[in-house]
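>>> no sequence for this one, just the structure:
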């Protein structure tokens, strides 16, 4: 699942016991996560809250960037957008993130940021 395009892998038809596999997340204190789906979901909720805070901070900087853009034409800079997306894709393996996830997330971030800047520069 680390490739783009994703490899063609048929779905498993095996019946699995629940839970299957071993925990793959190890904390600094040597314990592992997770022993239940509720624990996984709790950790995901924590990460989601952190992501929202980071996106809020990023949006503040996007808003700040509009101060340096005189016209709506200055808002969308395709070469800069591609540079940011490609930078995320290139950096993803270093943090064990599938490159396709980095690409899709950063495309969404950039596209929504351009819309946000459009709104600031040319309010309706």
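Good, I have the coordinates. Owing to the predicted nature of the structure, the values given are computational and were not obtained by experimental measurement.
>>> what residues does stretch 71-85 touch?
Defining contact as CB atoms under 8 Å, 6 or more residues apart in numbering, one finds that stretch 71-85 is touched by 66, 69, 103, 106-107, 110, 114, 117-118, 121-122. For the C-beta atoms, the positions are set from N, CA and C on the backbone; glycine is no exception.
>>> now do that stretch, average pLDDT.
Mean per-residue pLDDT for stretch 71-85: 92.
>>> what's the first-to-last distance across it?
23 Å (CA to CA, to the nearest Å).
>>> in it, what counts as buried?
Using 16 or more other CB atoms under 10 Å as the test for burial, stretch 71-85 gives 75-76, 81, 84-85.
>>> tell me which of those residues is nearest to residue 22?
Taking CB to CB as the measure, residue 22 lies nearest residue 85 of the buried residues of stretch 71-85, at 34.2 Å.
>>> before we move on, what SS does that closest one have?
helix (DSSP: H, G, I helix; E, B strand; the rest coil).
>>> hang on, the earlier thing: inside helices: which ones of the contacts of stretch 71-85?
When these are checked against helices (DSSP state H), the matches are 103, 106-107, 110, 114, 117-118, 121.
>>> quick check, nearest of these to residue 61?
Nearest to residue 61 among these is residue 117, at 11.1 Å by CB to CB.
>>> residue 47: neighbouring residues, count only.
By the measure other CB atoms under 10 Å, the count of residues near residue 47 is 9.
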